[in-house]
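In: After the sequence you'll find the predicted model.
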Amino acid sequence: MNNYYQQKFFLAKVDKNDQIIGRVERWQAHQEKILHRGFTVILIYQDKVILQKRRHPVFDGYWDVSFSSHPIYVNNKLESMEESIIKNLKREWIIKEKEFNQLKFINKYYYLAKDPRSQLFEHEINYLYQLILSSPIDINPEFAYEKAEVEINQYEKLKNFQPLAPWVKQIPDTK
């Protein structure tokens, strides 16, 4: 794993109504099942959903659509979702800023899942976004093992990618 996972970050600790009730260090949140705010972004290029096989301490080797993370506190201020999404997109994918547009909020939902391969949990109010890409992208091998694509009109084929991240399984049925 790269040194990004050794860095100390603070996340928004929230209640089940998604009200911020404090800050929590990210690994403490994942060890102690503390509810926090996160996001998942579905990347779409030429009517295909891009999947990422995660290289991560939590749910390592699981398929995600297309990447997931958390807004963090920077200088005691919580990043906006948009700021955090763009920063994480540039870190986890090989992409140029002009290659994306049309970031769209879809929904938010609650979930709790234990990683069977570690003692870590994801316990989140998860914000789901869609981002349309204007050109192809590739994985950053420090953050993903591989990528795959699924036609939007064949989204049900997503279940063929195993193991599938639990937050992906929990995505509300949103067209």
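Out: Done, it's in.
In: Can you tell me the SS state at the spatially most central residue of the chain?
Out: The centre of the chain sits closest to Ser68, judged by CA atoms, centre = their mean, with a distance of 0.6 Å. In three-state terms, and counting by DSSP: H, G, I helix; E, B strand; the rest coil, Ser68 is strand.
In: How about it: what's its closest non-neighbour residue?
Out: Thr40 (4.4 Å; CB to CB, 6 or more residues apart in numbering). Quick note: C-beta positions are derived from backbone N, CA and C, even for glycine.
In: so the one you found, which of the three states?
Out: strand.
In: So it versus Asn17, what's the distance?
Out: 20 Å (CB to CB, to the nearest Å).
In: For those two, indicate the residue with more neighbours.
Out: Shown here are Thr40 and Asn17; by other CB atoms under 10 Å, Thr40 has more neighbours (24 against 8).
In: what residues are up against the more buried one?
Out: By CB atoms under 8 Å, 6 or more residues apart in numbering, the residues touching Thr40 are 64-65, 67-68, 126-129, 167-168, 171.
In: for Pro71, same thing?
Out: So Pro71 contacts 11-12, 37, 39, 78-81, 83-84 (CB under 8 Å, 6+ apart).
In: Low-confidence stretches in the protein?
Out: Low-confidence segments of the chain (pLDDT under 70): 1, 97-99, 173-175.
In: So which residues of it form strands?
Out: Taking DSSP state E, the strands of the chain run over residues 10-14, 20-25, 36-45, 48-54, 63-65, 67-69, 73-74, 77-78, 93-94, 100-114, 121-133, 138-139, 144-151.
In: Mind giving me the packing neighbours of the last one?
Out: Looking back up the chat, that one is strand 144-151. Counting contacts by 3 or more CB pairs under 8 Å, 6 or more residues apart in numbering; DSSP states H and E, strand 144-151 packs against strand 48-54, strand 138-139.
In: Including distance to Arg55, could the contacts of Thr40 go into CSV?
Out: Output for the contacts of Thr40, formatted as CSV (distance: CB to CB, whole Å):
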residue, distance to Arg55
Asp64, 11
Val65, 16
Phe67, 11
Ser68, 13
Asn126, 20
Tyr127, 23
Leu128, 22
Tyr129, 21
Trp167, 17
Val168, 16
Ile171, 22
